[in-house]
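Asks: Sequence first, predicted model second:
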2 protein chains.
Amino acid sequence: MCPVARSLDVVGERWTLLIVRELLLGPKRNKDLLAALSAMGSNRLAARLQGLQDAGVVRKRMLPAPAEVQVYELTEFGERLRPVIYCLGAWGSELPVKDDVDRGAARAELIALGASAASPPELTAELDETYELHVGEERFHVSARHGTVLVRSGPSPVVPDLLAECDLATFFELVTGAITPARAAREGRARVVGGQALFTRAFQLLNYKHAARELRVVPA
Amino acid sequence: MCPVARSLDVVGERWTLLIVRELLLGPKRNKDLLAALSAMGSNRLAARLQGLQDAGVVRKRMLPAPAEVQVYELTEFGERLRPVIYCLGAWGSELPVKDDVDRGAARAELIALGASAASPPELTAELDETYELHVGEERFHVSARHGTVLVRSGPSPVVPDLLAECDLATFFELVTGAITPARAAREGRARVVGGQALFTRAFQLLNYKHAARELRVVPA
DNA sequence: CCGGATCCGTAACGATACTG
DNA sequence: CAGTATCGTTACGGATCCGG
């Protein structure tokens, strides 16, 4: 059997890659996964998570001391699915958007995840910064280190260099370049702590125009 | 809805990405697709092909004059799924092989397709060559042009620079580096027309050790 | 309250037979 | 040989129910 078919045996069933996408944003609890994948039955989610654990893609872990809740997280092997998700996202960004539930189900952190896949390498090379973003009810952070840009759910575990807050519509415009960070801040559509320069750079890294283009796959 | 979910709406159902993988090897007839995906019912195949045409991924075409048979082929948009398949193949190559049906269902052209994804760019840059390979009953050809390596089913439409013939086991060893092309030819395990140098280069391009490593996704 | 196992009606599936 | 129709089986989503 060919490698592609073997992959699809593990991650080809319905919902599976969406679970992986969710876990690329960091460890998640069962209820958070259910909330993010609201059309999925809780029994299916349990079955998928079990299958992913059996395949060594996902691991169940107990959060330390004060939290003491169990979370699911990607193993190193599962983390290597990141290029697959990035490629699918780049391809899907060319697909027409079905307007019915679009804005209702849209999540800024997923947009940021897709945009981060194509952050210009010449910008990220020497960067070591963390930005925390509050978009509507969502909180996530973006860390640029060692030439890669990672988007994760929740507040930053370290004190961020930048904290920015806006609504979802403004976030869309920022990410698509319809509005500049400078103007969004000036017009009061974004609240920024940490300086205009960092705010501008954050959305150079999260530029959706780049993500919409074809991503190239090269030997590591 | 996020781009990943939109992609999976189109290509996330069972068999769909395997159809795309098949068509990456060139246009195929209905019966050839059925033969390659033997566990798939003919009704499902028809349904999937219809869905892919509706989504603009696949196109039905009538082959010109003497042939006059209809084939399915990828559109330009569908061709852009190539990175997705390559990433899945690279990831799946780390997965354990189920021995039950392994050798029975193994196809050299699929191995070649996966290997071609990671051909060393420094080798392919200035190349303009075509190799035709006969492995068991399979015939396919590899063309290296404009810095990219393409694997396609069937004999080469142009006179190839190299023609090589071997059995599947030898092909495996060649592609994994277990045997050198020089030795395979010397020991009579491969029949080569076109020169030893080209034969050696062909399997530098189709080196599975490269494909097994992580592929990187970079902005185009 | 949360993880996740069980039950049930519906939709998708694989195999096969059939039609143009 | 491409594509459709039928049928028994499996996978699914939603709701409900238990154990911690």
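Replies: Perfect, thanks for sending it.

Asks: Mind checking if the host helix or strand of A:Leu45 is in reach of chain B?
Replies: When elements are assigned from DSSP states H and E, A:Leu45 belongs to helix A:42-54. No. Applying CB under 8 Å from any CB of the partner chain, one finds helix A:42-54 separated from chain B by no less than 11.8 Å. C-beta: built from backbone N, CA, C; applies to glycine.

Asks: C-terminal to that helix, what's the next element?
Replies: Scanning onward from helix A:42-54 (DSSP H and E), the first element met is strand A:58-62.

Asks: what mean pLDDT would you report for that next one?
Replies: Strand A:58-62 shows a mean pLDDT of 94.

Asks: which outside residues touch that strand?
Replies: A:19, A:23, A:27, A:49, A:52-53, A:68-75, A:78 (CB atoms under 8 Å, 6 or more residues apart in numbering or on different chains).

Asks: try it again with 7 Å
Replies: A:23, A:27, A:49, A:52-53, A:68, A:70-75, A:78 (CB atoms under 7 Å, 6 or more residues apart in numbering or on different chains).

Asks: what's the answer for stretch A:146-162, then?
Replies: A:25-26, A:109, A:112-113, A:116, A:119, A:121, A:124-125, A:129-132, A:139-143, A:194, A:198-199, A:202, A:205.

Asks: Any of those buried? List them.
Replies: Those of those that meet the buried threshold are A:25-26, A:109, A:112-113, A:116, A:119, A:124, A:129-132, A:139-143, A:194, A:198-199, A:202, A:205, by 16 or more other CB atoms under 10 Å in any protein chain shown.

Asks: Off-centre distance for the helix holding A:Leu45?
Replies: Here the centre of helix A:42-54 is set off from its chain's centre by 21 Å, with CA atoms, centre = their mean, to the nearest Å.

Asks: what helices or strands is that helix leaning on?
Replies: helix A:16-24, helix A:30-36, strand A:58-62 (3 or more CB pairs under 7 Å, 6 or more residues apart in numbering or on different chains; DSSP states H and E).

Asks: By mean pLDDT, flag the weakest helix or strand of chain A.
Replies: Ranked by mean pLDDT, DSSP states H and E, the weakest helix or strand in chain A is helix A:102-105, scoring a mean of 60.

Asks: List every C-alpha atom in the following helix or strand past that one, with coordinates, as CSV.
Replies: Remark: after helix A:102-105, the chain's next helix or strand is helix A:108-116, criterion DSSP H and E. Provided in CSV are the C-alpha atoms of helix A:108-116 (Å, rounded to 0.1, in the frame of the first residue of the first chain):
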residue,chain,number,x,y,z
ALA,A,108,-9.8,34.4,14.1
GLU,A,109,-7.3,31.9,15.5
LEU,A,110,-7.9,29.6,12.6
ILE,A,111,-7.4,32.5,10.1
ALA,A,112,-4.2,33.3,12.0
LEU,A,113,-3.0,29.7,11.8
GLY,A,114,-3.4,29.7,8.1
ALA,A,115,-1.8,33.0,7.6
SER,A,116,1.2,32.0,9.8
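
Asks: quick one: helix A:108-116 to helix A:16-24, angle?
Replies: Between the axes of helix A:108-116 and helix A:16-24, defined by axes from the mean of the first three to the mean of the last three CA atoms, to 10 degrees, the angle is 90 degrees.

Asks: Now do helix A:108-116: which elements does it pack against?
Replies: Helix A:108-116 packs on strand A:138-145, strand A:148-153, helix A:168-176, helix A:208-212, going by 3+ CB pairs under 7 Å, 6+ apart.

Asks: In the helix holding A:Leu45, which residues are buried?
Replies: Buried positions in helix A:42-54, judged by neighbour count with 16+ other CB under 10 Å: A:44-45, A:48-49, A:51-52.

Asks: Now do that helix and helix A:16-24, the angle between them.
Replies: With the same axes, to 10 degrees applied, the angle from helix A:42-54 to helix A:16-24 works out at 70 degrees.

Asks: what comes into contact with helix A:42-54?
Replies: In contact with helix A:42-54 (CB under 7 Å, 6+ apart) are residues A:15-16, A:19, A:33-34, A:58-60, A:72.

Asks: Stretch A:14-22 now?
Replies: For stretch A:14-22, using CB under 7 Å, 6+ apart, the contacting residues are A:11, A:28, A:33, A:36-37, A:40, A:44, A:48, A:52, A:78, A:81, A:85, B:4-5, B:8, B:12.

Asks: What about DNA strand D: which of those residues touch it?
Replies: For DNA strand D, the contacts drawn from the contacts of stretch A:14-22 by CB under 7 Å from any atom of the strand are A:40, A:44.
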